[in-house]
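1. here's a sequence, model it:
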Amino acid sequence: MKSGRTAAARGFFVDTMSSKTVRSFAIQAVYFFAGILVSGGAVFGSYAPFGASMTAAVPFKNLLSSIAGVSLGYILFTPGGSFRYVATILAIGAIRWTLSDLKKINASRFFSPVVAFIPMLATGLVLAAVGDFAGSLVAMCIIEALLAAVGGYFFNRSIALSAGTRGITTFNQQEIACIVMTACILLLAFSGISVAGISLGRVLAVLAILFCARYGAVAGGCISGVATGVIFSMADNSLSFVAGSYAFGGLMAGLFAPTGKIGTILAFLACNTVMAFQSESTSLILTSVYETLIASFIFFVLPKDLGNQLSSVFSPPVDKARAEGLRRSVIMRLDFAAKALSDVSAAVDNVAKKMKEIFSSDVSSIYAKATEETCSHCGLRVYCWEKQREASLNDFNSLTELLRKKGSIEEKDFSARFAKKCCKAKEMAAAINKNYDAYTACLSAERRVGEIRSVVAGQFSGLSEILEEMVEEFENYERFDMAAAERVSTAVKLFGITPIDVSCRIDRFGRMTVEIETVDTNRNHIKKPQLLKEISKACGRRLDTPCLSLAPNRCRMQMSERPCFDTQIGSAQHISGNGQLCGDSYNYFNDGMGRLVAVISDGMGTGGRAAVDGSMAESIMTRLTKAGLGFDCALRVVNSALMVKSGDESLATLDVACIDLFTGHTEIMKAGAPLSIIKKNGKTYRCNGASLPAGILTDIRFSHDSAKLGLNDWLCMVSDGAVATGDVWLESLIQDWKEGSAQELAKAIVTEARNRRTDGYDDDITAVAIRLMRN
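-> I've put the predicted structure just below:
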């Protein structure tokens, strides 16, 4: 009940925020309150340059809300110097408004720093003039302007990164450092809030360092320690020791991160306490220790999973040039091998055609062999085959139609002229029959060899397509996260599973796919929810349920990030004559790459033979798809398997649907299968491509159809038994379906299909209903 209320609340929030007006208002409010917060951060006691930094960096459409927030913040936090800072903010706004049409200048990374630097320096020099341009005042004005420029750069880069489509785990170390520095500037505003000398800002800073060090190891500890130390040491001249203590503490906490939270806390506490003794004030030393203890306590009681994503954010940098070069080299090799195998397939076909033209035999060879066997020692040979050659050939040719009709001839079937002149008519008839039998056997063998040759050539072509699909798959991967792979390997070993290889791939959309190959084939062992949780923690991402595929002494486990959509699936089946064996076979599964795949196969006829063909086609398609093969390649293998399974004809239809749960893009592929129905936004659409079942021709292709499904859209797949009496009723049933579940819809389809079958023939019926839901 509680989870249902939570899901409902989440759905209400998402639906509300999907409104453009509400979302725009929320963004303006964020910039307004951020402006108030940033303007409260002071350095060297009374200088507050970072409000100007933010005003110079925010997007132009959010400029007014930022100016209002920053101005209000300066009035509240720095009443003595508010006039000067408000004037600076208004000057920055005027400059940006004047230059707003110069897109190229506005797009430069140096625009924000320059716009923040000039007004801040100008207003500072005006105040310095009041003090007769004292050297210390001028120096502080220049430093403040430089800090405003530096802050403007950090704000500009951080806002640009947050507005982009890349995930934070794809950022490089320089981009992460920019975001961390921006966060430290925001935290600086809390440094002035204190109770008994204990600063809220420094407590939050230490908490941030502990988190980054624990989950980002040395890289996270160093970046966060240096950034917070530099920013907070400038807050007050008496806090100069903070720069060293936070940086050193972050480094050591990162080194001790593998020991867990306690080791991280103790390492930072020891380093921070030692460095605090640089201060001559005992109260500052005690305050620093108290602040660290408070932050440590908060860090210790927070959930372990809270900082999982930081582990992938601070992963060691990858040599992108080397990795990209290796990736391109592999792609080129695979692409060339694919083209070579495609040429081999074409060459096999061409050679077979040429050989058939050169060495093909015809009916005349039957008569030539029979003549040589019978007439070689006959005294009339010269007369029959030299003087009367044309007449003898005509006599033989007149037997061809009779041979093909009866399969043999008798002595009485020769023409009267031939019977009168030939003294060995009986022997000639026997020789012709014998050679005709050999001829028909040769034709049958050649036909069978041709079929096998065609299958083999098709396998070469299939291998070529497999390599081409691998090339396309490698093209989509942007990089491989080796650090995450190491962490996943360690996590898997803790569960007693021996990994042979682990791969963590990140595609161009920033989504990670994890693939693990192990020697453990115990499904119950591998499917433990705790294992999935630990792998998710190691990757710093929420992963979806893994897809398992088994091979001899091997198990392949593949999983992707949790997608936007989930599915509700229902299935129902009726067996012809209420028997034990069904000619229809179906399956549905998550392929480990964020896609749901559903398969229905219908074997020819009903009963045991149809059950074998349907189950075989479905199981091969399922196993090959789970193994990573494309659907067209898998169809070729299924087709070859059905053709060579036995000498008898074996046919099976295939109906495959693939739904991308990240985008809702749906591909529907059919090989002899009946229509599928899509219900999108309350309207139904038919998907019914023309195609042939597998097992008939060597060259077989899916008919393809596609659609973009959204929340609460439906896809319904059926076998041909469901639409034997027509399909209009099926479309109407799905169109009128409102409240029931997917399972109830599948049952309703099967029940209605049985009730409409009034011709006395009972067929296998299968229905699969799928509805997209919010994940």
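2. doesn't Phe50 make contact with Leu188?
-> Yes. The pair Leu188 / Phe50 is scored as a contact, 7.2 Å apart, by C-beta atoms under 8 Å. From N, CA and C alone the C-beta is placed, and that goes for glycine too.
3. can you list residues touching both of these two?
-> Taking C-beta atoms under 8 Å, 6 or more residues apart in numbering as the contact criterion, the common neighbours of Leu188 and Phe50 are Gly41.
4. between the two, point out the one with more neighbours.
-> Per other C-beta atoms under 10 Å, whichever of Leu188 and Phe50 has more neighbours is Phe50, with 30 against 25.
5. can you tell me how far the more buried one is from Ile231?
-> From Phe50 across to Ile231, the span is 9 Å (C-beta to C-beta, to the nearest Å).
6. likewise for Lys103?
-> When C-beta to C-beta is applied, the distance between Lys103 and Ile231 equals 33 Å.
7. who has more neighbours, those two?
-> Ile231 (28 against 8).
8. the more buried one: what's it in contact with?
-> Contact partners of Ile231, counting by C-beta under 8 Å, 6+ apart, are 181, 184-185, 187-188.
9. recalculate using a threshold of 10 Å.
-> The contact partners of Ile231, by C-beta atoms under 10 Å, 6 or more residues apart in numbering, come to 41, 43, 50, 147, 151, 180-181, 183-188, 191, 201, 205, 242-243, 246.
10. so after the lowest-mean-pLDDT helix or strand in the chain, what's the next helix or strand?
-> Among the helices and strands of the chain, helix 2-17 carries the lowest confidence by mean pLDDT, DSSP states H and E, at a mean of 49. For helix 2-17, the succeeding helix or strand toward the C-terminus, using DSSP states H and E, is helix 20-39.
11. helices and strands around that following helix, which ones?
-> If contacts are counted by 3 or more C-beta pairs under 10 Å, 6 or more residues apart in numbering; DSSP states H and E, helix 20-39 sits against helix 2-17, helix 50-57, helix 63-77, helix 82-98, helix 135-163, helix 173-188.
12. recalculate using a threshold of 6 Å.
-> When contacts are defined as 3 or more C-beta pairs under 6 Å, 6 or more residues apart in numbering; DSSP states H and E, helix 20-39 sits against helix 50-57, helix 63-77.
13. centre of the chain versus it, how much separation?
-> When distances are taken as C-alpha atoms, centre = their mean, to the nearest Å, helix 20-39 is centred 34 Å away from the chain's centroid.
14. pull out the buried residues from it.
-> Residues 28, 31-32, 34-39 are the ones in helix 20-39 that count as buried (16 or more other C-beta atoms under 10 Å).
15. report the angle between it and helix 50-57.
-> Following axes from the mean of the first three to the mean of the last three C-alpha atoms, to 10 degrees, one obtains 140 degrees for the angle between helix 20-39 and helix 50-57.
16. list of residues touching helix 20-39?
-> 16-17, 50-51, 54, 58, 62, 65-66, 69-70, 72-74, 189 (C-beta atoms under 6 Å, 6 or more residues apart in numbering).
17. now it: average pLDDT?
-> Per-residue pLDDT values over helix 20-39 give a mean of 84.
18. count the residues that sit near Val138.
-> Here the neighbour count serves as a burial measure; for Val138 (other C-beta under 10 Å) it reads 16.
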